[in-house]
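**Q** model this:
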Amino acid sequence: MGEAASTTTPRERYRQQVRSEIKERAWEQITAAGTSALSLNGIARLMGLSGTGLYRYFTSRDALLTELVHDAYQSLVGTLRTAAAQGKGDLAGLGQALRIWALDDPQRYFLVYGPPVPGYRAPADVAALAAEIMDILTDACADVPDAPVSTPETPLADGPGQSAVRAETASAQRLAISFRTRLHGVLSLELSGHFAGMECDPALLYQAELDLLVSQ
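**A** Below is the predicted model of the structure:
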């Protein structure tokens, strides 16, 4: 039996193609000069569109930026899910998957974990994507033997007969928080070029931090 016929019309396919090209041009701007350089008018000129023509696809800079943020988060979620599906869902495997993802596209990494974009307010559903990443990390951290972790206590709701479950969950959450702060600290410094000129191998430093987390 042949493939099912496409349900999209030529007009819809054209719209998707234009939106994809707009996003590609946006990433080119961000890669060249950072997120603050993102300009719908600049993209319109590159594509031979009028400003009003481009606004039919993205109503504002923030609308375009929101889609780029979603794409970046979804890319990282997909990367971590793939690592888990390939049997690399332990903390060490996820740590390495995170570093490879970050080095592959530093600007995409900074769009998610860099400084806030001036004047931009991310929508609420971005928090759900960030929470999904934390859920993946917390699940992996639950398999690490309990040990003291130097991060703040995570408050959990009380429930009858749930003290052991709460303690285990809190331990995994604290380790996941430590994972984020320590590994993202190294990654941010590396991708910003702050190890340049130092007798320091960022890959080895990252691995050392990851080994410490896994051994806790």
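**Q** and Leu64, what element?
**A** helix 61-83 (DSSP states H and E).
**Q** buried ones in the helix or strand that that helix is followed by, by neighbour count?
**A** Next along the chain after helix 61-83, taking DSSP H and E as the criterion, comes helix 91-104. For helix 91-104, a neighbour-count test (16 or more other Cβ atoms under 10 Å) marks 91-95, 97-99, 101-102 as buried. For glycine as for every other residue, the C-beta is placed from the backbone atoms N, C-alpha and C.
**Q** make CSV out of these and add pLDDT and distance to Val144.
**A** Output for the buried residues of helix 91-104, formatted as CSV (pLDDT from 0 to 100; distance: Cβ to Cβ, whole Å):
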residue, pLDDT, distance to Val144
Leu91, 91, 6
Ala92, 92, 10
Gly93, 94, 12
Leu94, 95, 11
Gly95, 95, 12
Ala97, 96, 17
Leu98, 96, 16
Arg99, 97, 18
Trp101, 97, 21
Ala102, 97, 22
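**Q** tell me the one of those nearest Gly78?
**A** Gly78 lies nearest to Trp101 out of the buried residues of helix 91-104, by Cβ to Cβ, at 9.4 Å.
**Q** and the closest one, what does it touch?
**A** By Cβ atoms under 8 Å, 6 or more residues apart in numbering, Trp101 lies in contact with 75-76, 79, 109.
**Q** in the protein, where's the longest helix?
**A** Counting residues, the longest helix in the chain under DSSP state H turns out to be helix 163-191.
**Q** residues in contact with the helix holding Leu64: which ones?
**A** 22-23, 26-27, 30, 35, 38-40, 58, 89, 93-94, 96-98, 100-101, 108-109, 111-112, 117, 120-123, 125-126, 129-130, 132-133, 136-137.
**Q** among those residues, name the buried ones.
**A** Buried members of the contacts of helix 61-83, counted by 16+ other Cβ under 10 Å: 22-23, 26-27, 30, 35, 38-40, 58, 89, 93-94, 97-98, 101, 108-109, 111-112, 117, 122, 126, 129, 132-133, 136-137.
**Q** center of this structure, which residue is that?
**A** Tyr73 (4.0 Å; Cα atoms, centre = their mean).
**Q** quick check: pLDDT value at that one.
**A** Note for Tyr73: predicted pLDDT of 95.
**Q** low-confidence ranges, the chain, go.
**A** Within the chain, the segments meeting pLDDT under 70 span 1-6, 145-168, 216.
**Q** now with 50?
**A** For the chain, the stretches with pLDDT under 50 are 1-4, 147-162, 164-165.
**Q** any chance of the buried residues of helix 91-104 in a markdown table, plus distance to Arg15?
**A** Converted to a markdown table, these look like this (distance: Cβ to Cβ, whole Å):
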| residue | distance to Arg15 |
| --- | --- |
| Leu91 | 42 |
| Ala92 | 43 |
| Gly93 | 39 |
| Leu94 | 36 |
| Gly95 | 39 |
| Ala97 | 33 |
| Leu98 | 34 |
| Arg99 | 36 |
| Trp101 | 29 |
| Ala102 | 32 |
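**Q** if we can go back for a sec, narrow the buried ones among the contacts of helix 61-83 to those in strands?
**A** Counting by DSSP state E, the buried ones among the contacts of helix 61-83 place none of their members in strands.
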